[in-house]
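Fold the following and give me the result.
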Amino acid sequence: MTRISGVIIKKIARNIPGLEVKLKQAGMTETPEEFIKKTLFTAFYLTTGIMIIMWAFLVQLHVVISFLYFLTPVLFILIFLYFLKLPDVKIIQKDREINKEIVYVGRFLIIELESGVSLYNAIANVSKNYPSIGKYFDEIINKVAMGTSLEDAISETIEYTPSPNFRKILWQILNSLKTGSDVIKSLNAVVEQIVKEQIIEVKQYSKKLNPLAMFYMMIAVILPTLGTTMLIILSTFMSINIDIWTLISIVFFLGFAQLMFFSIIKSSRPAVEL
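Just a heads-up that it's a prediction; the model follows:
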């Protein structure tokens with residue numbers, strides 16, 4: 001049985017393209033097989049727990065529970081697919097963290113190199129001053145200390161970095177090392193390009209805020225006040241009994257709607273620190 005499950009796990013891992021690279025970009029130490037195994041077990045335990053709770057609840061209500069047999073595999077697949085996206089979520093988070101520092105790191109490297117500091121020492125200084133990007137530069141320093149050439153260490157970091165902007169800077173450094181060209185000019189061009197892209201992101205974000213603010217005013221401010229007033233008036237004329245639980249439900253719904261709006265606004269905000 002264990003052998004069969006191992007074959008299934010390996011087959012699933014092989015059929016997910018780029019899973020190994022995604023795991024390394026997300027900073028997850030598991031192998032693809034270990035990640036799939038953990039995800040399957042997590043989905044199994046969650047599905048089992050949810051089904052037990054639903055079964056106990058429906059039994060109390062004397063509801064037919066035969067549909068649970070069809071719901072169980074569907075729920076298991078949905079939960080498995082949900083947790084399968086965990087590396088992508090972590091990659092996005094790391095990309096946002098890196099983008100907050102990328103411009104400062106690029107300018108820091110340019111200033112260091114213009115001051116006569118060697119590229120190796122400039123990379124070492126970045127690793128001490130910037131926590132998000134510094135982790136990747138620290139790995140480069142450690143690999144060089146272990147005997148890897150600086151070019152190979154940067155190449156490995158390029159492959160596993162989750163940020164396209166950081167990858168651009170590393171590519172310029174690597175090309176300069178290979179060709180002997182001026183790295184300062186290349187970095188200047190890349191940093192300026194990143195700054196322009198981030199300015200465009202900020203402008204696009206400002207345009208998104210206008211309709212979001214309008215919907216927020218309608219759903220979180222206008223609709224609750226007018227809707228509650230109209231509900232009370234109608235209940236008076238139509239003799240509808242509104243108890244405390246109805247009002248509490250309305251309050252919870254409005255709180256949930258506002259929380260969703262704040263989450264949407266926060267998630268759409270560009271990870272930019274100009």
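
in the stretch 51-200 of the chain, which spans are helices?
Assignment of helices within the stretch 51-200 of the chain using DSSP state H, counting those that start in this stretch yields the ranges 68-84, 86-114, 119-129, 131-145, 150-160, 164-179, 183-216.

and those helices, which one is worst for confidence?
Sorting the helices of the stretch 51-200 of the chain by mean pLDDT places helix 183-216 lowest, at a mean of 81.

returning to what we had before: would you list the helices of the stretch 51-200 of the chain in TSV and tack on mean neighbour count and distance to M230?
(Glycine included, C-beta is placed from N, CA and C.) As requested, these are exported to TSV (neighbours: other CB atoms under 10 Å; distance: least, CB to CB, whole Å):
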stretch	mean neighbour count	distance to M230
helix 68-84	14	38
helix 86-114	18	41
helix 119-129	17	58
helix 131-145	17	50
helix 150-160	17	57
helix 164-179	18	51
helix 183-216	14	20
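
Need the ones you listed in TSV (columns: distance to I248).
Written out in TSV, the entries for the helices of the stretch 51-200 of the chain read as follows (distance: least, CB to CB, whole Å):
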stretch	distance to I248
helix 68-84	29
helix 86-114	33
helix 119-129	51
helix 131-145	43
helix 150-160	50
helix 164-179	47
helix 183-216	22
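
and of the ones you listed, who's closest to S235?
Nearest of the helices of the stretch 51-200 of the chain to S235, taken as CB to CB: helix 183-216 at 27.2 Å.

closest to L23 out of the helices of the stretch 51-200 of the chain?
Between L23 and the helices of the stretch 51-200 of the chain, the shortest gap by CB to CB is with helix 86-114, which sits at 5.6 Å.

by contact count, what packs against that closest one?
Identification of packing neighbours for helix 86-114 by 3 or more CB pairs under 8 Å, 6 or more residues apart in numbering; DSSP states H and E yields helix 19-25, helix 119-129, helix 131-145, helix 164-179, helix 183-216.

Show me how far the second one is from its chain's centre.
Same thing as helix 119-129. If you compare the mean C-alpha spot of helix 119-129 with that of the full chain, they lie 27 Å apart, counting by CA atoms, centre = their mean, to the nearest Å.

Nearest to I77, out of the helices and strands packed on helix 86-114?
helix 19-25 (17.7 Å).

what sits against the closest residue to F83 other than its chain neighbours?
Using CB to CB, 6 or more residues apart in numbering and skipping the chain neighbours, the partner closest in space to F83 is T39 (4.8 Å). By CB atoms under 8 Å, 6 or more residues apart in numbering, the contact list for T39 reads 80, 83-84, 86.

Distance to S155 for those - can I get that in CSV?
Formatted as CSV, these follow (distance: CB to CB, whole Å):
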residue, distance to S155
F80, 34
F83, 32
L84, 29
L86, 27
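
Closest to F261 out of those?
F261 lies nearest to L86 out of these, by CB to CB, at 25.4 Å.

In contact with that closest one, which residues?
When contacts are counted by CB under 8 Å, 6+ apart, L86 touches 26, 39.

Equivalent analysis for E20, please.
Applying CB under 8 Å, 6+ apart, one finds that E20 lies in contact with 31-32.

pLDDT wise, what is it at?
With respect to pLDDT, E20 scores 87.

any idea how far it is from L223?
When distance is defined by CB to CB, to the nearest Å, E20 is 49 Å away from L223.

count of neighbours near L23?
21 (other CB atoms under 10 Å).

Name the nearest residue to it, sequence neighbours excluded.
Leaving aside its chain neighbours, L23 sits nearest to P87 (5.6 Å; criterion: CB to CB, 6+ apart).

was I right about F80 contacting L40?
Yes: with contact defined as CB atoms under 8 Å, F80 counts as touching L40 (6.5 Å).

quick revisit: could you pull up the residues touching the residue nearest to L23?
P87 sits in contact with 19, 22-23, 25-26, 28, 35, where contact means CB under 8 Å, 6+ apart.

Equivalent analysis for E33, please.
Going by CB under 8 Å, 6+ apart, the list of residues near E33 reads 6, 9-10, 13.

Which members of these are positioned in helices?
Using DSSP state H to define helices, the subset of these located there is 6, 9-10, 13.

May I see those residues arranged in TSV, with neighbour count and distance to I250 as well?
Formatted as TSV, the entries for the ones in helices among the contacts of E33 read as follows, by neighbours: other CB atoms under 10 Å; distance: CB to CB, whole Å:
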residue	neighbour count	distance to I250
G6	12	52
I9	18	47
K10	14	52
A13	17	48
